[in-house]
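Trainee: how does the following fold in three dimensions:
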Amino acid sequence: MALSATVIGALLGLGTQMYSNALRKLPYMRHPWEHVLGMGLGAVFVNQLVKWDAQLQQDLDKMLEKAKEANERRYFEQDDD
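Mentor: This is a model prediction of the structure:
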């Protein structure tokens, strides 16, 4: 997954830079270092997004488990009052 996220991020960064140049009616590869920078930033962004999504899923699972336990305690434990 890390390789595909990196490639997708690099393509996102490259596409963004080329689109920016196209909007300004400049040559697509005007400053090649900007494309490399965009690819690097895109790769970092998408990798962080994948990590954040995995952490969010873990946190959600923990919260749902706690809510399930609280509901089971509330409705299934008998009070002897």
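Trainee: from now on I want contacts and neighbour counts done on CA atoms only, so please keep to that.
Mentor: OK.
Trainee: okay, which residue is most central for this protein?
Mentor: Central residue of the chain (CA atoms, centre = their mean): residue 49, 1.8 Å from the mean position.
Trainee: longest helix in the chain, by number of residues?
Mentor: helix 32-76 (DSSP state H).
Trainee: what about residue 14, distance to residue 67?
Mentor: Distance of residue 14 to residue 67, given as CA to CA, to the nearest Å: 44 Å.
Trainee: these two: which has the busier surroundings?
Mentor: residue 14 (21 against 12; other CA atoms under 10 Å).
Trainee: my guess is the more buried one contacts residue 31, does it?
Mentor: No - applying CA atoms under 8 Å as the test, residue 14 and residue 31 come out as separate, 11.9 Å apart.
Trainee: what comes up buried for the helix or strand harbouring residue 6?
Mentor: Per DSSP states H and E, residue 6 falls inside helix 2-23. The neighbour-count check on helix 2-23 (16 or more other CA atoms under 10 Å) flags 5-18, 21 as buried.
Trainee: check which helices and strands the least confident helix or strand in the chain by mean pLDDT sits against.
Mentor: The helix or strand of the chain with the lowest confidence, counting by mean pLDDT, DSSP states H and E, is helix 2-23 at a mean of 91. The contact analysis (3 or more CA pairs under 8 Å, 6 or more residues apart in numbering; DSSP states H and E) places helix 2-23 against helix 32-76.
Trainee: angle of the helix it packs on against helix 2-23?
Mentor: Put simply, helix 32-76 runs at 130 degrees to helix 2-23, going by axes from the mean of the first three to the mean of the last three CA atoms, to 10 degrees.
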